[in-house]
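In: no sequence for this one, just the structure:
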DNA sequence: CCGACAACCTGACGGC
DNA sequence: TGCCGTCAGGTTGTCG
């Protein structure tokens, strides 16, 4: 389930396989995911050496010595499989390094994307141009949220899913962060008090950091790039727990807004 | 500008 | 066993 912690975990898993390595071969098994691959993707990657890996919001970044960055998004169901013994359905793109390691980008639903963009101008990559601050960076502050949410009648849940407000939170971690901050997901964003926004910033930090430390959560089809399982140590407090009891004595409830499930405790989240 | 909603896809699961 | 409806981590475009 690629939200920010899962992408971060993925990038950390890819780093030792790719960094400093030459890309010897690129196989494309279809021309597109959600968008077409760049026409010259294989040509521009083949023979290039990976100089660094990184992450912006839910996007993974693979820099090469040719001045290109391969920008990938895992969508809903994407993951990288490291050194697969055999290729499986939905292994749409395969990289092979000079050292003989193989990486397969598997994405059944194909909501992901792969692009190439000049490394020096990544801020002009169209999907990045509209992104808000990194949730774990210095720019996510109560000040920023107060300004961005001022006067907004949409729910705080909806606003936190908006990548222009904060870049990298998805449905699960928004639910978890709002629970951690004890803020009702239904509250109009513009009415969340300043002290509660501060608490929210801290909750976002806590929830994301814990998830990254746990190696990213595993939900159904997500696996760490090396395929290792069993690192799902960070339990969700509310997500997927409808009907279970909250520590406060309340019951975790679920409702649907904007087509997405929200899990929360109506007793202690206000 | 804002908010609601559909669309893009496949797979897993529960009910009958 | 098998069919069908429902739901899933995200993003983007359209419509009112």
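Out: Received it, and whenever you're ready, just let me know what you need. What you see is a predicted model; the values in this text were computed from it and never measured.
In: give the contact list for the residue in the stretch 101-250 of chain A that DNA strand C sits nearest to.
Out: Among residues of the stretch 101-250 of chain A, the one nearest DNA strand C by Cβ to the nearest atom of the strand turns out to be residue A:170. It sits 1.7 Å away. The way it works is simple: take the backbone N, C-alpha and C, and place the C-beta from them, glycine included. Counting by Cβ atoms under 8 Å, 6 or more residues apart in numbering, residue A:170 makes contact with A:1, A:2, A:3, A:4, A:58, A:161.
In: out of those residues, which comes closest to DNA strand B?
Out: Distance from DNA strand B was checked for each of these by Cβ to the nearest atom of the strand. The minimum falls on residue A:161, at 10.1 Å.
In: show the pLDDT at the closest one.
Out: According to the per-residue confidence, residue A:161 scores 96 in pLDDT.
In: wait, it touches residue A:260, no?
Out: Yes - between residue A:161 and residue A:260 there is a contact at 7.4 Å, judged by Cβ atoms under 8 Å.
In: pick out whichever of the two has more residues nearby.
Out: When neighbours are counted by other Cβ atoms under 10 Å, residue A:161 and residue A:260 differ, and residue A:161 comes out ahead with 20 against 14.
In: which residue comes closest to that one once chain neighbours are left out?
Out: In space, and not counting its chain neighbours, residue A:161 is closest to residue A:174: 5.7 Å by Cβ to Cβ, 6 or more residues apart in numbering.
In: and residue A:270, how far from DNA strand C?
Out: As defined by Cβ to the nearest atom of the strand, to the nearest Å, residue A:270 lies at a distance of 23 Å from DNA strand C.
In: tell me the pLDDT of that residue.
Out: At residue A:270, the pLDDT recorded in the model is 94.
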